[in-house]
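Participant: Predicted model, plus sequence, below.
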Amino acid sequence: MDMAFFSSPAIFPSVHLHLSSPLISSSRFLPPSSFSSPLRISFPSRLPRPFTLHTSGPSGPSGPTSGGAGGSGGGGDEGGSGDDEDNEEEEEGSSTGDRNRTVALLVLHEFGRSIESLPADLAAAIEAGRIPAEVVRRFFELEKNFVLRWLLQFGGFKERLLADDLFLTKVGIECGVGIFTKTAAELEKRKENFSKELDFVVADVVMALVADFMLVWLPAPTISLKPPIPLNAGRIAKFFYSCPDNAFQVPLPGDSYSILQRSGAILRNGAKLFAVGTGASLVGTGVTNALISARKMLDKDYAGTAEDVPIISTSVAYGIYMSVSSNLRYQILAGVIEQRILEPLLHNQKLALSAMCFAVRTGNTFLGSLMWVDYARWVGVQKTRE
């Protein structure tokens with residue numbers, strides 16, 4: 001059996017696979033017992049075109065099935081060059097998917113796993129050639145941890161953990177540090193009025209803790225395992241389906257995002273964060289007003305100085321703040337600072353990478369708290385008390 005994949009010589013190396021027993025289908029995995037000799041893969045120093053996969057099987061001797069230079073059959077005249085140029089983009093995308101699938105199947109063989117043992121969405125992505133072998137390898141590494149293996153059962157966690165194995169660490173950093181940094185920022189900003197404005201402080205911290213998880217979740221880069229969108233879906237749905245979860249995330253090999261698609265990611269996450277911020281504020285201000293009412297009943301002197309926090313206006317203001325300020329800061333943090341700068345520099349030093357993420361996220365949380373106090377006073381939902 002002989003399969004030829006046309007690819008760019010600058011991108012894909014020539015790989016020759018020699019199997020001692022037949023490979024029934026390039027999209028099916030044969031257990032290790034079916035191979036009588038080890039796999040042998042060679043990567044020559046030169047990168048010829050096309051990329052050809054050779055396997056020996058009952059179908060006869062292997063040989064290229066597509067016409068290249070010197071191809072047989074009378075279809076290789078110069079008149080076909082125009083058609084080749086027209087189909088170049090399609091062929092390149094197809095060859096990338098074929099190569100992804102083939103190498104991913106080799107990783108499955110390396111770990112002694114069949115494609116049927118994987119979650120359905122991950123198996124479908126491998127079959128379609130939509131994810132590279134590195135993602136499959138990361139999945140098996142994550143499965144070694146009991147907690148991560150349990151979380152990989154859930155769709156949202158799976159996409160984020162496959163894109164970033166430190167995703168849970170970042171959630172812990174954000175939520176654990178959030179309460180301390182936000183309280184410190186409130187103290188820095190309000191100074192001697194901190195105790196007088198304690199009701200505002202409580203509202204801000206409660207809102208922040210409710211929202212912290214979503215601020216890590218929504219802008220986090222992901223590995224897309226979504227099924228194809230229905231053909232009858234509307235234009236808007238199709239557009240946002242094609243947008244990444246993070247406007248600045250690095251695309252997988254063979255994929256790319258336009259400026260419009262990246263802008264769509266900011267718009268979509270902004271709408272979600274507006275809903276999250278407004279809901280979190282409704283909870284936070286509701287709890288604060290309940291605390292104020294309870295303190296008024298116990299402390300008559302406090303009753304004259306305290307006032308209820310305006311629920312609706314504060315909630316809408318916080319939703320707008322999260323959809324604009326928090327949205328942009330966290331997209332840049334996750335997609336630029338962490339994925340494009342820190343991870344390439346420290347990808348082999350997980351402890352140092354975690355420490356740097358801790359420092360950057362702590363500073364970002366503190367900055368956000370300072371900006372919220374100024375914004376809340378600017379729009380009038382909080383006032384300085386004399």
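Facilitator: Received the coordinates, thanks. Residues are numbered from 1 along each chain as shown.
Participant: what's the following helix or strand after the helix or strand hosting residue 312?
Facilitator: For residue 312, the host element (DSSP states H and E) is helix 311-321. Next along the chain after helix 311-321, taking DSSP H and E as the criterion, comes helix 327-332.
Participant: Mind checking the pLDDT average for the longest helix along the chain?
Facilitator: For the chain, the longest helix by residue count, based on DSSP state H, is helix 259-298. Averaged over helix 259-298, pLDDT sits at 87.
Participant: Give the other helices and strands that that helix contacts.
Facilitator: helix 198-217, helix 235-241, helix 300-305, helix 311-321, helix 327-332 (3 or more CB pairs under 8 Å, 6 or more residues apart in numbering; DSSP states H and E). (Glycine included, C-beta is placed from N, CA and C.)
Participant: need the ones you listed in a markdown table with distance to residue 381, can you?
Facilitator: Shown next, in a markdown table, are the helices and strands packed on helix 259-298 (distance: least, CB to CB, whole Å):
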| stretch | distance to residue 381 |
| --- | --- |
| helix 198-217 | 9 |
| helix 235-241 | 31 |
| helix 300-305 | 18 |
| helix 311-321 | 5 |
| helix 327-332 | 19 |
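Participant: Pick the most deeply packed of these.
Facilitator: helix 198-217 (a mean of 22; mean count of other CB atoms under 10 Å).
Participant: closest one to residue 104 among the helices and strands packed on helix 259-298?
Facilitator: helix 235-241 (23.4 Å; CB to CB).
Participant: who does that closest one touch, helix- and strand-wise?
Facilitator: helix 259-298.
Participant: buried set for the helix it packs on?
Facilitator: 261-262, 264-266, 268-270, 272-274, 276-285, 287-289, 291-292, 296 (16 or more other CB atoms under 10 Å).
Participant: How far does it sit from its chain's centre?
Facilitator: Computed by CA atoms, centre = their mean, to the nearest Å, the chain-centroid distance of helix 259-298 equals 23 Å.
Participant: between that helix and helix 198-217, what angle do the directions make?
Facilitator: Put simply, helix 259-298 runs at 150 degrees to helix 198-217, going by axes from the mean of the first three to the mean of the last three CA atoms, to 10 degrees.
Participant: Next, the angle from helix 259-298 to helix 311-321.
Facilitator: Going by the same axes, to 10 degrees, helix 259-298 makes 150 degrees with helix 311-321.
Participant: Going by residue numbers, what spans are strands in the stretch 51-200 of the chain?
Facilitator: Assigned by DSSP state E, counting those that start in this stretch, the strands in the stretch 51-200 of the chain fall at 51-54.
Participant: Could you list the low-confidence segments of it?
Facilitator: For the stretch 51-200 of the chain, residues meeting the criterion pLDDT under 70 lie at 51-93.
Participant: Show residues contacting stretch 370-386.
Facilitator: The contact list for stretch 370-386, computed with CB atoms under 8 Å, 6 or more residues apart in numbering, reads 185-186, 188-190, 193, 196-197, 200, 204, 305, 310, 313-314, 317-318, 321, 325.
Participant: Which residues belonging to that stretch are considered buried?
Facilitator: 370, 371, 372, 373, 375, 376, 381, 382.
Participant: I'd like to know which of these is nearest to residue 119.
Facilitator: residue 372 (39.3 Å).
Participant: I'd guess that closest one is in a helix, am I close?
Facilitator: Yes - using DSSP: H, G, I helix; E, B strand; the rest coil, the assignment for residue 372 is a helix.
Participant: how close does it get to residue 135?
Facilitator: Here residue 372 is placed at a distance of 37 Å from residue 135 (CB to CB, to the nearest Å).
Participant: nearest spatial neighbour of residue 205, skipping sequence neighbours?
Facilitator: Spatial nearest neighbour of residue 205, excluding adjacent residues (CB to CB, 6 or more residues apart in numbering): residue 182 at 5.3 Å.
Participant: Quick check: that neighbour touching residue 369?
Facilitator: Yes - counting by CB atoms under 8 Å, residue 369 is a contact partner of residue 182 at 4.5 Å.
Participant: Let me know the secondary structure of residue 243.
Facilitator: coil.
Participant: Surely it and residue 262 touch.
Facilitator: Yes - with contact defined as CB under 8 Å, residue 243 reaches residue 262; the gap is 7.4 Å.
Participant: Cool, thanks, signing off.
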